[in-house]
Structure formats: structure tokens, C-alpha cells
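# Sequence first, predicted coordinates after that:
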Amino acid sequence: MPKVSVIIPVYNGSKYLKRCIDSVLLQTLKDIQVILVDDGSTDSSGTMCDEYGQKDSRIKVLHKKNGGLGSARNCGLSSVSSEYVGFVDCDDWVNPDTYEYLYNNAKKNDADISSGKFAIVYPRAHRNTCPGVYSGVHMRSEGSQRVMVYEDIDKQKVYLEIGISDRSSQYSVCTKIYRIKLFKEIKFPEGQLYEDVVTNFHLLGLANKFVLSDKYVYNYYMESTGITRNKCSNKDLDLIKVGKQIESLTEGTEIEDLGKIISARTSFSLLVKSQIYGFDDTVKNPDYLSKKWLEEIRNNYRHLMESGLPLSRKAAISGYRYFPKLMKYVIKFVSGR
């Protein structure tokens, strides 16, 4: 039985698919299973998956009708034959020792979830804008790594805290491996964006231990065009839904304030995005939404200012609290739009 299964949902990813699959096949941990889920691709991705499946016995290829990322991951989970499972998106890639490292941390600590961090990688022409963000296709991994083990409510607490404070947050399932037994009770929501956030929260609640390392294990490729750089659409409103779900799940617990911060931060994120890029035609009542998001920021101002948010975001939140009309122009000026 393989030690780790890696599920790769594939949808029209032929441009980057070879880089992704090769990075998994060339792992220092050879005892792996690779599950390629062709989610109804209309380009050559499905054929590429079949060609890889014929070359390497560790690969299993599944073809299905297009249903989105959550649906493809759920499909892949049904074919896992190992103790642990990980996920890679088809335009991203992993370091050569990613799964050996995560697996060893998990086994050493008898943990249900083992995690590292991701680096955001832009095309070479893109200028780096923050720590942990690299141009090109190679990721650094230097020095010794800190490894922490969390149990009980601390598992979910640290998950939310890092999500608030760190650009390389823990929300993604792609930086982790999970004991497959956790997915007997939890499945990915289908037809929803930002599906990782709540799914991880539920999985952490079920896990016995959460091993967290600050080693970079995953390369998240971000082109100049993407969901965060388009006009605010009706699909983006899923972010608000996720924030409210986290707020509801933490209500009445000792991490209730973190849930409120997560929820209010989603309103802040979409307000900023809408003021930079505007709304597209799918959004009804954009003025109402903007006012609602601003109200959410004001109602949770104290929680946001006492949180681990970066100082730049706290400054923007203060601006929205006291000078909302001015901030609309400041945000556009700072973004260069």
C-alpha cells in the first residue's frame, strides 16, 4: 500500500500540467499513488492524463463530467488506497521532498494532519511584492524548519490566527496531507469557491493532532489574471458565505472572536476588490453590498484592530471606519488603477 496518495484535479490545464505531474512523480518519497481527475477538460489535458497513466503504474486516471474543484477532489477521494492523502492543483507544483517531509512529520507525531507553507510564484516578469513571494519557477528552502504540534481547540485556533496574519496562510488543502479516515465524515462542498477554508476547519476539528511546519512545501502559481484580479462577481460572494460559516461554527466557543474577525475580513477584502476593479454585470445591488460590507467593518472594528492583521490592513480599516469616501480614492491610487 502506498504511503501517500496525491489527488490532482485537472481542468483545461495542459499549459502547466506536465510541470505539475512531474513534480509529484519525482518526489523523494517514491511509494505514492497519483490520482489524476480529468474534470471534463475540453483541451488536451485528458489525453495527457491518459498518456501519463500508461507510463507509470503509480498513476490512476479518472474522467468525469465537469463539476468544479470540490467535485473533482471528492471523486479522487473515492480511489485513495493509502493512509494519507494530499492535493495539488494542476497549475501549481511541489518541491521534490514535500511528501517525504510531510509524511515523516505526521508519522513521528502520530498526527492526522501534517502541514507546511506555500510560496506564491508569479511569472518571471512580475515584481515581487511581499516576503515569501518568488518570481520564476524555483522555490527556496533554506535553514532549519520549526515544527509545532497542536491538539484540542488549539488546532483550529492557530489555523484561524495564521489565516488572519499570514499571506502564506493555512487555508489551502494543498499544503497538507491528511489521514484518509477524516474524509469518511467530511467532503468538499461542490459548486462553491473558497471551499478549502471551512473544509479545513471541519477536518481540524476531527483530527487528533495538527503538525505545522514553516517549511515551504508548495508553489502556488499566480498569473496576472485570476479570480483576485477580475471585477467583483457574483461568484466572489461565496467568500462572504464562507466568512459567515466560520463565524457560525465558532459561535459560543473560546475562539468566537476569531470567527468574527474572519467574517469581517471577508467584507473588507471584497470592499477593497470592488473599489479597485469594480463590479461585473452578475452582481445585483452593488451599492447595497458596498454599504453592507462597510457596516460589517465598522461593527467589528475593535476586533479587527486587536487582531493579528498586518499594519497596512489595519490602516486601511481605520480609513474605512473614519473616512470611507476618501478611502475609495486612496485605494484606487495605491493600487495604480
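All right, it came through fine. Numbering: from 1, shown residues only.
# Please, where are all the helices along the chain?
In the chain, the helices defined using DSSP state H lie at 17-25, 45-55, 69-77, 98-108, 154-165, 195-206, 238-250, 256-277, 286-299, 301-305, 311-322, 324-335.
# Which other helices and strands does the longest one contact?
Applying 3 or more Cβ pairs under 8 Å, 6 or more residues apart in numbering; DSSP states H and E, one finds that helix 256-277 makes contact with helix 154-165, helix 238-250, helix 286-299, helix 301-305, helix 311-322, helix 324-335. Any C-beta I mention is one placed from the backbone N, CA and C, and that applies to glycine too.
# Identify each buried residue in it, please.
257-277 (16 or more other Cβ atoms under 10 Å).
# Dump the helices of the chain into JSON lines; add distance to residue 118 as well.
Compiled in JSON lines, the helices of the chain are given as follows (distance: least, Cβ to Cβ, whole Å):
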{"stretch": "helix 17-25", "distance to residue 118": "13"}
{"stretch": "helix 45-55", "distance to residue 118": "23"}
{"stretch": "helix 69-77", "distance to residue 118": "16"}
{"stretch": "helix 98-108", "distance to residue 118": "10"}
{"stretch": "helix 154-165", "distance to residue 118": "12"}
{"stretch": "helix 195-206", "distance to residue 118": "12"}
{"stretch": "helix 238-250", "distance to residue 118": "19"}
{"stretch": "helix 256-277", "distance to residue 118": "18"}
{"stretch": "helix 286-299", "distance to residue 118": "27"}
{"stretch": "helix 301-305", "distance to residue 118": "25"}
{"stretch": "helix 311-322", "distance to residue 118": "20"}
{"stretch": "helix 324-335", "distance to residue 118": "24"}
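# and those helices, which one's lowest on average pLDDT?
Least confident of the helices of the chain, judged by mean pLDDT, is helix 324-335 with a mean of 87.
# Off-centre distance for that one?
Centroid separation for helix 324-335 versus its chain: 28 Å, with Cα atoms, centre = their mean, to the nearest Å.
# ok, and what's touching that helix?
Residues outside helix 324-335 that contact it (Cβ atoms under 8 Å, 6 or more residues apart in numbering) are 272, 275, 276, 294, 316, 319, 320.
# Just give me the closest of these to residue 189.
Distance to residue 189 across the contacts of helix 324-335 (Cβ to Cβ) is lowest for residue 272, with 25.0 Å.
# My read is that the closest one contacts residue 316, right?
Yes - when contacts are counted by Cβ atoms under 8 Å, residue 272 is listed as touching residue 316 (7.1 Å).
# Which residue is the nearest non-sequential neighbour of residue 299?
residue 264 (7.5 Å; Cβ to Cβ, 6 or more residues apart in numbering).
# closest one to residue 214 among the helices of the chain?
Each of the helices of the chain has some distance to residue 214 by Cβ to Cβ; the shortest is helix 154-165, at 10.1 Å.
# For the residue lying closest to residue 65 once chain neighbours are set aside, which residues are in contact?
In space, and not counting its chain neighbours, residue 65 is closest to residue 40: 5.1 Å by Cβ to Cβ, 6+ apart. Applying Cβ under 8 Å, 6+ apart to residue 40 gives the contacts 11, 63, 64, 65, 66, 67.
# Out of those, which sit inside strands?
63, 64 (DSSP state E).
# which of the contacts of residue 40 count as buried?
Neighbour-count burial (16+ other Cβ under 10 Å) applied to those gives 11, 67.
# Dump the contacts of residue 40 to CSV, plus pLDDT and distance to residue 199.
Supplementary listing: the contacts of residue 40 in CSV, determined by pLDDT from 0 to 100; distance: Cβ to Cβ, whole Å:
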residue, pLDDT, distance to residue 199
11, 97, 19
63, 98, 24
64, 98, 19
65, 97, 22
66, 97, 20
67, 96, 16
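# Closest one of the contacts of residue 40 to residue 198?
Proximity of these to residue 198 (Cβ to Cβ) peaks at residue 67, which lies at 18.4 Å.
# That closest one touches residue 11, doesn't it?
No - Residue 67 is not in contact with residue 11 according to Cβ under 8 Å; the separation is 9.6 Å.
# Name the residues contacting each of these two.
Jointly contacting residue 67 and residue 11 under the rule Cβ under 8 Å, 6+ apart are 39, 40.
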